[in-house]
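> Whatever this is, show me its structure:
(chains A and B)
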Amino acid sequence: MKQVAQKPGRIKTLKIDGRDVAGGENQVILDVAREHNIFIPTLCYIEGLSVSGGCRLCLVEITGIPKLVPSCTTRVEEGMEVFTDTERLRKYRMMMLELIFSERNHVCSVCVSNRNCELQSLARRLGMTHVRYPYRYPKLQVDASHNKFAIDHNRCTLCTRCSRICHDIEGAHTWSTMGRGINNRMITDLNQPWGETETCTSCGKCVNICPTGALFEKGKSVAEMVKKPKSLPYLLHTREES
Amino acid sequence: MTNEELNAIAKAEQESKERFEHEVCVCTAAGCLSAGGDKVKDALTGEIARQGKDKKCSVKGVGCLGLCAKGPLVAVESHGKKDKLYEGVTLEDVPAIVQTLEATETKGAAAAGLERSMDEPFFASQVKVVLENMGKIDPEHIEDYIAVGGYQTLYKALTEMSPTDVIGEVTKSGLRGRGGGGYPTGLKWSTVAKANGGATKYVICNADEGDPGAFMDRSVLEGDPHRVIEGMAIAAYAIGAHQGFIYVRAEYPLAIKTLKNAIRQAEKMGLLGKNICGTTFSFELHLRLGAGAFVTGEETALIASVEGRRGMPRPRPPYPAERGLWDCPTLINNVETFANIPAVIREGGVWFAAIGTEKSKGTKVFALAGSIVNTGLIEVPMGTRLRDIIFDIGGGIPEGRRYKAVQTGGPSGGCIPEQFLNMPVDYESLQQVGSIMGSGGMIVMDETSCMVDVARYFMEFCMSESCGKCTPCRVGTAQMYDILCKITEGHATLEDMDMLIELSDLVKNTSLCGLGQSAPNPVLSTLRYFKDEYMAHIVDKTCPAGVCKICSPAKEPVEVKS
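Here you go, the predicted model:
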């Protein structure tokens, strides 16, 4: 679903965690919360890209709605009462995070993005001390066929930021997903080695937006890969100017 | 096509039918076809000619006759009255059946072994609305459908009713979505009708029936395709759409063939296309084939697939009624919902609302499968007791075994134990006992089924059919499957059981779409009613049903293909 860059629109007043806040009718709960310095954890969401709604970390509770709703796709409404930090949500977020850590091989000590990883900081911030679920340790490949970048599928959380930035911003649509369920993984073109794709422009946007050490520049060693997620808002800003 | 022309076709068809004294209807739907129904049909045609009865007897292929496991089925209609049904017909039986056609009761003894009494509860207790033409008309010939009053309803809607009248009638009928959710159809239609005046709108028929053991939609499409087309055209008129899609799974080749043929015939007769029935209303209908994913039964994933993208769901709202196919307001209904429409418009909403219960109106088609005598397709009024469906119509459990549970709603549903057999089958009652109506699959299980193994089977299905977009469904179902494997292998501890319950809660409440949200249902319902079986596996390390091979070597974890 394409998120259309819209003006905030008419002002709506609502309560988030008991605080009175205001946001535009075209804004989603997450944006309004962030504008008011209310923390909601996210992994797949990034401002300026189309929304996926897949990581489920940003779920919030709304009074009167029995289901949990993703704050990245739910627009604010007048009189809404949102809770972002209930016991139930904390429990689910922790479980979700543990599931992501159990899914693939996230060993921070040997990762290029150590201390510069969104997944790692989330785990620290949410207070995750250990993973209760059995590690699945899938045997996944590293594709280093590209001359500048490489992908280590073992570090990928399938947030699909790379495929969205490649499609929405670069317009190349090199990245896609293949496989179902637990066998899902990112591919370039029609599952060709990254270095042999015809669409990749080697712009590196995907690498800079990747929340973990899955996408990295070649030649970087442990903890050396510094990501630049801020490059996206900057890029969007300069595009608007021109 | 005017009303007179429709009547003329119907009359001509009726007259040509009356020239024959006997009409032999051979089921050529997928079930009977796989048992050789087409060969039986050819043999009957040949034998009738050989015995010189071809002036009096006609042979035709028809849709599902109901008793699917007993195919090939042959029904004989004499002097316009259905009077005999033969089951399990082989090529050797053909001469005897043809002889019986003309003979008196005693002479026809040769074929009597195959004959089913039409007074059995299987036939007598059913109420047919969706399946009213099933087994009576030849799905290959549009004239046959017109002869039983087909497309008259469309004509009536287009010429005598306004779109608001049509929606009003559907709302009055109380019809609810037959795909599983049970959302009021009239409400859905009026939402799409009101959405963005003047914008392009679409109608989509969801024929991506994927539940294991369910074959209702397939049978309807194979046996009475024009009914669905007519229902869709009426819907399109009501909401203001001019284009429609039938999204049918590629695993149903016969349904696809029948639909293609039906659409072509309807176009030829001016019942689809531009200026239908001489009015200003135009409606084009296209087929889209699925690529074998269960998740495309979810409406947003289905839309993605029709658009040519990978079939993955997206968060709702916005609902398809507001932003659907190519961001236009879109009406998505299930095959059976559309198949109900001609009857609703023809007989009126009040008539329809008189069938069924207070909140669940009309009838429901069920596919009976598993450990049951009469495996096949049935239609009963909403609110029929589960016991009546399984033991009267279904004929009970074969070989005197004991009933254990019935699984309704496929992988999204639950298992209903013996104590709820007297429960009326409707949307609310099923939900109360932890199952769902779903699309109408009913898998009956007896004492030889292990409920933990059943839960494991459905979890494996959900795990491998998850699209992988959201974390709880992608990883959660895989972890749950591993725990269930551990239990069935006898390696599990009580902590594993707690983790299973905790994960069920997470996956149910946090998944993005219906697949994930309902994936834990088989686990939750078996845990609710058959906890002793779980305990037997975990504590006593035995499988009460003798299905699981306890203490076999540990299973390899699911290998991720790279």
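> Just say helix, strand or coil for B:V444.
strand (DSSP: H, G, I helix; E, B strand; the rest coil).
> if I look at B:G149, how far off is chain A?
43 Å (Cβ to the nearest Cβ, to the nearest Å). The way it works is simple: take the backbone N, C-alpha and C, and place the C-beta from them, glycine included.
> neighbours around that residue, how many?
15 (other Cβ atoms under 10 Å in any protein chain shown).
> before we move on, what about B:T159?
Counted with other Cβ under 10 Å, B:T159 comes out at 13.
> Please look at it and B:I276 and confirm they touch.
No: look at B:T159 against B:I276 with Cβ atoms under 8 Å: they stay out of range, at 10.3 Å.
> doesn't B:V98 make contact with B:E47?
Yes: counting by Cβ under 8 Å, B:E47 touches B:V98, with 4.7 Å between them.
> Show me which of the two is the more surrounded one.
In terms of neighbours (other Cβ under 10 Å), B:V98 is the more surrounded of B:E47 and B:V98; the figures are 25 against 21.
> tell me which element that one is part of?
In this structure, B:V98 sits in helix B:94-102 according to DSSP states H and E.
> next helix or strand past that helix?
strand B:115-116.
> which residues sit in contact with the residue in the stretch 101-250 of chain B that chain A sits nearest to?
As assessed by Cβ to the nearest Cβ, chain A sits closest to B:G210 within the stretch 101-250 of chain B, at 13.0 Å. Listed by Cβ atoms under 8 Å, 6 or more residues apart in numbering or on different chains, the contact partners of B:G210 are B:R249, B:A293, B:F294, B:T296, B:G297, B:G410, B:E465.
> now do 7 Å
B:R249, B:F294, B:G297 (Cβ atoms under 7 Å, 6 or more residues apart in numbering or on different chains).
> On the pLDDT front, check it for me.
Model confidence at B:G210, given as pLDDT, is 87.
> for A:H173, same thing?
For A:H173, the predicted pLDDT is 95.
> Tell me how many other residues crowd it.
14.
> measure B:T408 to B:A455 for me?
From B:T408 across to B:A455, the span is 15 Å (Cβ to Cβ, to the nearest Å).
> distance between the ends of stretch B:390-404?
12 Å (Cα to Cα, to the nearest Å).
> ok, and for the least confident helix or strand in chain A by mean pLDDT, which residues are buried?
Lowest on mean pLDDT, DSSP states H and E among the helices and strands of chain A sits helix A:231-241, with a mean of 85. Burial within helix A:231-241, assessed by neighbour count using 16 or more other Cβ atoms under 10 Å in any protein chain shown, is assigned to A:L232, A:L235, A:L236.
> what residues are up against the residue of chain A found nearest chain B?
Using Cβ to the nearest Cβ, the single residue of chain A nearest to chain B is A:N184, 2.9 Å away. Applying Cβ under 7 Å, 6+ apart to A:N184 gives the contacts A:L158, A:T177, B:G468, B:R474.
> Helix, strand or coil: sort out the second one for me.
Here A:T177 takes the strand state, with states given by three-state DSSP.
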